[in-house]
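J.: Only the shape, not the letters, is given here:
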């Protein structure tokens, strides 16, 4: 625990409190560059109409970009609090039926899409290979034949080098939060813990504990090629580039076509 306090600590669902400062937390991310990378691949390979599904869409920053470009975009996220933030930037006409509370690990058909995306290591919330397989199959089931799935994984290298023992304390508007991040090389699990207080309710400390599983590229590749049918890998790229991704990349994007 990063600090000692006699104040009561209340455990809350992931992103229930973090949602309020998530965009601030991710202020270092170049979403425009990320959008250009993803949209270039999607525009090259998509079939049918210009419709896209984003799993684990968070606060809607990527959805907003696609909507501005004229796409019909649907966003799904497990956290209602994150979707509430997305509503602040998504046009009203897209909100009622296009922002949906849902878990990527649950088999559910949201429509037939020419592209499905799942970004910023959201897939790493799949804690087992079976969960990973189910999530990828679910995403592919929402694709039209010939459509593309783009997702990324955070690598073991990234966690072990950059987040093995990470600490920060920040203030954002009426929130005070402390973040502790640590990596367990024995399990390849990354943990991010947040302790959050509100200026108006300083007597309570809210706690969120986020655990993600890091996978080797070879494991993900094997699941796609040997355990999921009717698809093929078009590319495995490093970060937002067309360089071939490796275990020494910090982030790796998979581009998969449904056949």
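T.: Noted; the coordinates are in hand. All of these numbers come straight from a predicted model, not from anything done at the bench. Numbers count the residues shown, from 1 in each chain.
J.: residue ranges with poor pLDDT in the protein?
T.: Low-confidence segments of the chain (pLDDT under 70): 1-6.
J.: try it again with 90
T.: For the chain, the stretches flagged by pLDDT under 90 are 1-8, 43-50, 90-97, 162-166, 199-203, 229.
J.: quick one: residue 203 is in a strand?
T.: Yes. Counting by DSSP: H, G, I helix; E, B strand; the rest coil, one finds residue 203 located in a strand.
J.: and it, how many neighbours does it have?
T.: 9 (other Cβ atoms under 10 Å). Just so you know, the C-beta spots here come from the backbone N, C-alpha and C atoms, and that holds for glycine as well.
J.: Likewise for the one 4 residues further on?
T.: When neighbours are defined as other Cβ under 10 Å, residue 207 has 15 of them.
J.: Distance check, it against residue 195.
T.: Applying Cβ to Cβ, to the nearest Å, the value for residue 207 to residue 195 is 6 Å.
J.: same check, this time on residue 230
T.: 45 Å.
J.: Tell me which of the two has more neighbours.
T.: residue 195 (21 against 12).
J.: now that one, which residues is it bridged with?
T.: Beta bridges link residue 195 to residue 178, residue 207 when assigned by DSSP bridges.
J.: wait, it sits on residue 209?
T.: No. Residue 195 lies out of contact with residue 209 (Cβ atoms under 8 Å); the separation is 10.1 Å.
J.: Can you show me the helices along the stretch 1-150 of the chain?
T.: Using DSSP state H, counting those that start in this stretch, the helices assigned to the stretch 1-150 of the chain run over residues 22-25, 31-45, 61-68, 80-86, 95-98, 129-141.
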